[in-house]
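Asks: mind looking at a prediction? Sequence and model below.
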Amino acid sequence: MTNGSAESWPIVCLKMSQLPLRSEEKISHVSLAEQSGPESSKLRVHVRVYESFNLDSNELSRAEREAEKIFRFAGIELTWSSGPTMAEVNDNTPTEIWDTAILQLRLWPSAPAGKMPTDPETMGFCLSLDNGDAVVLVDAVRKRAVFGTTSFTTLLGLAMAHELGHLLLRSAKHSVSGIMRARWTERGLRDDERGYFRFTPGEAESIRKEVSRRMDPNRHPG
């Protein structure tokens, strides 16, 4: 993985909001599920998780299952592996070879100064869209879960799916509906139980194309 200055990193923020979710901003999960035919179900993307929060393994597993559910409605299967934690890294740690086929997701307690917007409501951001590297701030997610009705592991899984969505859409843009909204509301999170908190049909199609490109053994980097 290549490193860049904080100023050069594209920052993509996910926040919570108390604003109401308008009914016209809901998406039916049925329309997304119908797009997931036999061919799309074969699409897989691998995520390497760097967990620096000492999460309980059951909590992380439940969050990963939540993220998997979101992507499955778009016709994508997620697979996971664990990268070394900060405490495990030393002079003898082998240098990892950057692989464009693998997304990198970092679960940080909080962000180091200068590496993200200072808004305390920020729950996640992208370090690099080009390198497929994103961060979810676990402290911020847990804080929002305490004051809301959505469980911590569900909210963490949704935040993970959101940031992975940015990496696969290769875009810092947000949508007005679904999982890629810039701000989430408590009402919107409750609507997730009825299947509205998903990728839009257009986003799902773009993600499938990107995953297909990454799976191509003859692909060119970039």
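Replies: Arrived safely, thanks for sending.
Asks: do a quick rundown of the helices in this protein.
Replies: Assigned by DSSP state H, the chain shows helices spanning 29-35, 57-72, 138-146, 152-169, 186-191, 201-215.
Asks: from the ones you listed, which stretch is densest packed?
Replies: helix 152-169 (a mean of 24; mean count of other Cβ atoms under 10 Å). Every residue, glycine included, has its C-beta placed from N, CA and C.
Asks: quick check: longest strand of the protein.
Replies: Determined from DSSP state E, the single longest strand within the chain is strand 43-51.
Asks: ok, that one: who's next to it in the sheet?
Replies: Counting by DSSP bridges, the strands paired with strand 43-51 are strand 76-82 (parallel), strand 102-108 (parallel).
Asks: in that strand, what counts as buried?
Replies: Counting neighbours by 16 or more other Cβ atoms under 10 Å, one finds that the buried residues in strand 43-51 are 43, 45, 47, 48, 49, 50, 51.
Asks: show the contacting residues for the closest residue to residue 77 other than its chain neighbours.
Replies: Among residues not flanking residue 77 along the chain, residue 44 sits closest, at 4.5 Å (Cβ to Cβ, 6 or more residues apart in numbering). For residue 44, the contacting residues are 76, 77, 78, 79, 211, 215, by Cβ atoms under 8 Å, 6 or more residues apart in numbering.
Asks: repeat that with 10 Å
Replies: Residue 44 sits next to 71, 76, 77, 78, 79, 211, 214, 215 when contact means Cβ atoms under 10 Å, 6 or more residues apart in numbering.
Asks: surely the first one touches residue 162?
Replies: No. With the criterion set as Cβ atoms under 10 Å, residue 71 and residue 162 do not qualify as a contacting pair; they are 11.2 Å apart.
Asks: having no further points to raise, I will conclude here.
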